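Asks: for reference, the sequence and a predicted model appear below.
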Amino acid sequence: MRRAAFAVFGLIAASCAPSEAPSGPAVATETPAKAGPGWQPSEGRELLGTPAPEFTGLSDWTHSTPLTLASLRGKAVLVRFWTTGCSLCKHTAPALNELDSRFRDKGLVVVGVHHPKEPAAREALYWRAAAQRYGFAFALAQDQEWATVNSWWLERGHERAFTSSTFLIDRAGVLRWLHPGGEFFDGEGEPGEAYRSLVAAVEKAVAEGATK
């Protein structure tokens, strides 16, 4: 019974693992280690406090005109890389929708960057249908050749367990919080710890410099 459970988990994790990339660096596929109290990302912490790279090669913008980080300076920006067919992305969708609804009028811009892992997902109608099922009403774009997910994440470290990472950029364009991939939501365990950490980080990011 335990062997079957592990097999099912392996299939779920594989749908969001970077080994499915059309091209790019070789990366690990193991699940990141659990974070302890006072949640911290299990990888990528060296990026915190660094300037976020500019968006590169994004197309098919949905719910928004084309955006750049330069044009968003003065706003807090939450970027989620996601794919169709990824159950971990689906589980995280409610948290993204809640943060967008709660903080949009306070200075937060949520951007969902889709990077296709299957031929059909390269078509706008296909991934937009998935976004509609997830309830995404915030800005969306297609990272057709993985240019942005590579420059933000996969090429900025030795190995990455997931591509479906999340980044919070402050009003000055500096990376203040990241999730190395997988899921976070309002619940128990590590996903719940990560979610509460993100909410606190967003609250701080929108408050800082809001009246300047």
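Replies: Good, I have the coordinates.
Asks: buried set for stretch 50-57?
Replies: Residues 52-53, 55 are the ones in stretch 50-57 that count as buried (16 or more other CB atoms under 10 Å). Quick note: C-beta positions are derived from backbone N, CA and C, even for glycine.
Asks: which one of these sits closest to residue 185?
Replies: residue 52 (24.0 Å; CB to CB).
Asks: contacting residues for that closest one?
Replies: 69, 77, 79, 152, 167, 169, 173-175 (CB atoms under 8 Å, 6 or more residues apart in numbering).
Asks: okay if I get those residues as a markdown table plus distance to residue 206 and secondary structure?
Replies: Formatted as a markdown table, the contacts of residue 52 follow (distance: CB to CB, whole Å; DSSP: H, G, I helix; E, B strand; the rest coil):
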| residue | distance to residue 206 | secondary structure |
| --- | --- | --- |
| 69 | 17 | coil |
| 77 | 11 | strand |
| 79 | 15 | strand |
| 152 | 21 | helix |
| 167 | 15 | strand |
| 169 | 12 | strand |
| 173 | 15 | coil |
| 174 | 14 | strand |
| 175 | 16 | strand |
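Asks: just the closest of the residues you listed to residue 113, please.
Replies: For the contacts of residue 52, the nearest to residue 113 is residue 79 (6.2 Å; CB to CB).
Asks: how about the strands in this protein?
Replies: 59-62, 76-82, 108-114, 139-142, 166-169, 175-179 (DSSP state E).
Asks: most tightly surrounded among the ones you listed?
Replies: Greatest average neighbour count among those goes to strand 76-82 (a mean of 25), per mean count of other CB atoms under 10 Å.
Asks: state the mean pLDDT of that strand.
Replies: The pLDDT scores in strand 76-82 average 98.
Asks: what pairs with it, parallel or antiparallel?
Replies: strand 108-114 (parallel), strand 166-169 (antiparallel) (DSSP bridges).
Asks: now the angle between strand 175-179 and it, please.
Replies: Here strand 76-82 runs at an angle of 30 degrees relative to strand 175-179 (axes from the mean of the first three to the mean of the last three CA atoms, to 10 degrees).
Asks: which parts of the longest helix along the chain are buried?
Replies: Using DSSP state H, we find that the single longest helix of the chain is helix 189-207. Buried residues in helix 189-207, defined by neighbour count with 16+ other CB under 10 Å: 190-191, 193-195, 197-199, 201-202, 205-206.
Asks: on that earlier part again, for residue 123, find the nearest of the strands paired with strand 76-82.
Replies: strand 108-114 (11.1 Å).
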